[in-house]
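# Quick one: sequence plus predicted model below, questions after.
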Amino acid sequence: MTHASDTSSNAAADAPPISPHVAAVEQACGPLEHSVYRGQQRMVVPAEKSFETLALLKDRGFDLLIDVSCVDYLEYRGATHRYGLIYLLASTTTNERLTVRAFVDDPEPTVASVVPLWQAANWLEREVWDMFGIHFTGHPDLRRLVMPEAFTAHPLRKDYPLQGRGERHNFPVITRDHS
Amino acid sequence: MSIAPAEQETRPETRSEDYLWTLNFGPQHPATHTTLRLVLKLEGERVVDADPEMGYLHSGFEKIGEHLTFNQYVTVTDRMNYISPMANNVAWHHAVETLLGIELTPRGSYIRTIIAELARISDHLLCNGAVGLDTGAFTFFLYGFYQREVIYDIFETLCGARFTNSYTRVGGVSQDFTPLVIEKIRSFLKTFPKTLDDMERLLNRNRIFVDRTKGVGLLTKEEAINRGATGPVARASGVTRDLRRDEPYLAYADLDFQVCCASAGDCYARYLVRMQEMRESLKIVEQALENLPEGPVNVGIDQRTSLPMKQQVYSTIEGTISHFELAMSNRGFDVPSEETYAAIEAPNGELGFYIVGDGDERAYRARCRPPSVLHFAMFPHLIRGHTLSDVVAVLGSLNIIAAELDR
């Protein structure tokens, strides 16, 4: 018994101190997965709580949204979810950075839009919709950003090949007679 | 007589929007400089709204990044922001080295600092030159372009390519500085300030230029932060954020320079910030060149991360083994199954890469955080209420590069 408590206190002493931002989010949303790698603080929040978490972090000084992006973990070893959304936050006053991730799954990957918090998210979320097919609820203008409107696939998904599909099958073939 | 009221009732309701005129600007237009499109709604000459559209140069760079190795992909980053390809190379390999946990040699980091700053100068020369060109100052543009040629010449001497340099490698660079390169950079450092003075004399107090840029395209500090502006665009609006100072990477911690800011947030402020940044870049290059450390340019071959120099491959057994270890398809780097983000202060703003590693020496995902996208997204906000002739001034001052925009 004493031995067990000794090791646990040792482990707590060895572990890096928990960032106050992580602690604040844990207080609001319950315990969550967080880690530090190469000096970068990351945390994983449930997708349904991503908006309130990001709103909380914005109030805590992360005023600059660096990037909204996504990773398709279809072929990733040991992955339990299909899509991982990535929110990269930074503070213009303290120069801290924080990576917030949220996982969503098929068949209808959906997450709340953060455009009400940051205007910067507008085009970034459009690009994620375009490339991965993640639906952002509450987005004011969720159109495709780089692919043409008539395009049907989401090219950065891992089941979309690098070559051989998507160029022609998306568009109607006009023969010489019909032109 | 009784028909008249009925006719009035059936007359379609007219809204003020019906009198607006829609103008299609681009995708091929001399003043967009790159392939992008704007749909402008005009009331007379005043822009009521703008709908920017992109994607004409989309080439799937991020998808290609999942199929090329860390060293191969650098050729693709050249083609992102082709105005300053060296800065993209540095950004890409900075991100890769962050993921792999590689520490550069002092000489390697100084060399990268020098070329990144030369890339910044060449980018600002073109951007400010294009603003001048679009607002009617053709001579200014030619002054800038001549100096860009000098920088291209330095790059050509350095690595054999003017535009698509692909200069960096994992753990270092492809070629060390030769005495000739150092001599060329020194002579550039000597001659360029004079040209810069001339350029400032041409435009800084030029009535036409100041009238066309001052108070145009206002971006407040709050809006700049909220809309994700970085780089000169943010600094011209009073956001004192510069990654070179705030998160010193490469050799910036050793060097003395100032972060150039303005508070006005208009096109003229952006022009001034860029002009001043070129002077600061000159200071950085000068210091880095004078204090250029001796020693190896790449990390040691014992680390098995950078391809050894050809001479080592041919004359030492370690070099040969190391070369084969890295070149064989079933060997290569030790890549952690982790995700990192690393960014540099590129000429345009924060250029970062979010790389997901899965043990393979190809990235599982290579997300590029392009500053141009966020800057182009704020264009309607900046142009609303201004006249059609201000479109080119605002567009030029944001320095949007379509290849980086669409990737």
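Right, received. Where do you want to start? As the structure is a prediction and not an experimental result, all values here were calculated from the model. Residues are numbered from 1 along each chain as shown, chains lettered A, B, ... in the order given.
# For residue B:291, which residues are in contact?
B:110, B:254 (Cβ atoms under 8 Å, 6 or more residues apart in numbering or on different chains). Quick note: C-beta positions are derived from backbone N, CA and C, even for glycine.
# Against residue B:256, how distant is it?
11 Å (Cβ to Cβ, to the nearest Å).
# In contact with the residue of chain A found nearest chain B, which residues are there?
Nearest residue of chain A to chain B (Cβ to the nearest Cβ) works out as residue A:120 at 2.9 Å. Shown in contact with residue A:120 (Cβ under 8 Å, 6+ apart): A:64, A:65, B:226, B:227, B:228, B:374, B:377.
# what's the closest of the residues you listed to residue B:55?
residue B:377 (13.3 Å; Cβ to Cβ).
# isn't that closest one right next to residue A:125, touching?
No: judged on Cβ atoms under 8 Å, residue B:377 makes no contact with residue A:125 at a distance of 10.8 Å.
# ok, those two, which is more surrounded?
Taking other Cβ atoms under 10 Å in any protein chain shown, residue B:377 and residue A:125 do not tie; residue A:125 has more neighbours (27 against 23).
# Which helix or strand lies directly C-terminal to the one helix or strand that one maps to?
Taking DSSP states H and E as the criterion, residue A:125 maps to helix A:121-132. Next along the chain after helix A:121-132, taking DSSP H and E as the criterion, comes strand A:135-137.
# Flag every buried residue along that following strand.
Applying a neighbour-count criterion of 16 or more other Cβ atoms under 10 Å in any protein chain shown, one finds A:135, A:136 buried in strand A:135-137.
# cool, and stretch B:260-277?
Residues of stretch B:260-277 classed as buried: B:260-262, B:264-277 (neighbour count, 16+ other Cβ under 10 Å).
# mind listing which of those are in helices?
Judged by DSSP state H, the buried residues of stretch B:260-277 include B:267, B:268, B:269, B:270, B:271, B:272, B:273, B:274, B:275, B:276, B:277 as members of helices.
# Pull out the C-alpha coordinates of stretch B:243-262 and format them as CSV.
The C-alpha coordinates for stretch B:243-262 follow below in CSV (Å, rounded to 0.1, in the frame of the first residue of the first chain):
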residue,chain,number,x,y,z
LEU,B,243,8.1,34.5,-35.0
ARG,B,244,11.7,35.4,-35.5
ARG,B,245,11.6,37.3,-32.2
ASP,B,246,8.8,35.5,-30.4
GLU,B,247,9.8,31.9,-31.1
PRO,B,248,13.4,32.2,-32.3
TYR,B,249,14.3,29.4,-34.7
LEU,B,250,17.4,28.9,-36.7
ALA,B,251,20.0,31.5,-35.7
TYR,B,252,17.6,34.4,-35.0
ALA,B,253,18.2,34.3,-31.2
ASP,B,254,21.9,35.4,-31.8
LEU,B,255,21.1,38.2,-34.2
ASP,B,256,20.1,41.8,-33.5
PHE,B,257,17.2,43.1,-35.4
GLN,B,258,14.0,45.0,-34.9
VAL,B,259,10.4,44.0,-35.6
CYS,B,260,8.9,46.6,-37.9
CYS,B,261,5.4,47.7,-37.1
ALA,B,262,2.9,50.4,-38.0
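# residues of it that come out buried?
Residues of stretch B:243-262 classed as buried: B:243-244, B:246-247, B:249-252, B:255, B:257, B:259-262 (neighbour count, 16+ other Cβ under 10 Å).
# pLDDT (mean, whole number) over it?
The pLDDT scores in stretch B:243-262 average 89.
# So which residues make contact with that stretch?
With contacts defined as Cβ under 8 Å, 6+ apart, stretch B:243-262 is touched by A:95, B:90, B:94, B:104, B:106, B:109-110, B:112-113, B:116, B:232, B:235-240, B:242, B:269-270, B:272-273, B:276-277, B:280-281, B:283-284, B:287-288, B:291, B:342-345, B:350.
# about what we covered before: kindly list the main-chain dihedrals of the nearest residue to the residue of chain A closest to chain B once chain neighbours are set aside?
Sequence neighbours aside, residue B:228 is the residue nearest to residue A:120 in space, at 2.9 Å (criterion: Cβ to Cβ, 6 or more residues apart in numbering or on different chains). Dihedral angles of residue B:228 (phi, psi; degrees, to the nearest 10) stand at phi 70, psi 30.
# And the one 3 residues further on, by the same measure?
Listed backbone geometry of residue B:231 is phi 70, psi -150, with angles given as degrees, to the nearest 10.
# Work out for me the element the residue nearest in space to the middle of chain A sits within.
Centroid-nearest residue in chain A, with Cα atoms, centre = their mean: residue A:85, separated by 1.6 Å. Using DSSP H and E, residue A:85 falls within strand A:83-90.
# Now do the same contact list for the closest residue to chain A within the stretch 51-200 of chain B.
Nearest residue of the stretch 51-200 of chain B to chain A, counting by Cβ to the nearest Cβ: residue B:55, 3.9 Å away. Residue B:55 makes contacts with A:144, A:145, A:146, A:147, A:148, B:406, as judged by Cβ under 8 Å, 6+ apart.
# how about 7 Å then?
For residue B:55, the contact set (Cβ atoms under 7 Å, 6 or more residues apart in numbering or on different chains) comprises A:145, A:146, A:147, B:406.
# Can you point out the helix or strand that includes it?
Secondary structure (DSSP H and E) places residue B:55 outside all helices and strands.
# Return the distance of it relative to residue B:30.
Counting by Cβ to Cβ, the gap from residue B:55 to residue B:30 is 21 Å.
# and what of residue A:178?
36 Å.
# Next, residue B:257: secondary structure please.
Here residue B:257 is recorded as coil under DSSP: H, G, I helix; E, B strand; the rest coil.
# Residue A:26: how many residues sit nearby?
Neighbour number of residue A:26 under other Cβ under 10 Å is 15.
# count of residues packed around residue B:61?
Residues near residue B:61, counting by other Cβ under 10 Å: 20.
# thought it was touching residue B:76?
Yes: Residue B:61 lies in contact with residue B:76 (Cβ atoms under 7 Å); the separation is 5.4 Å.
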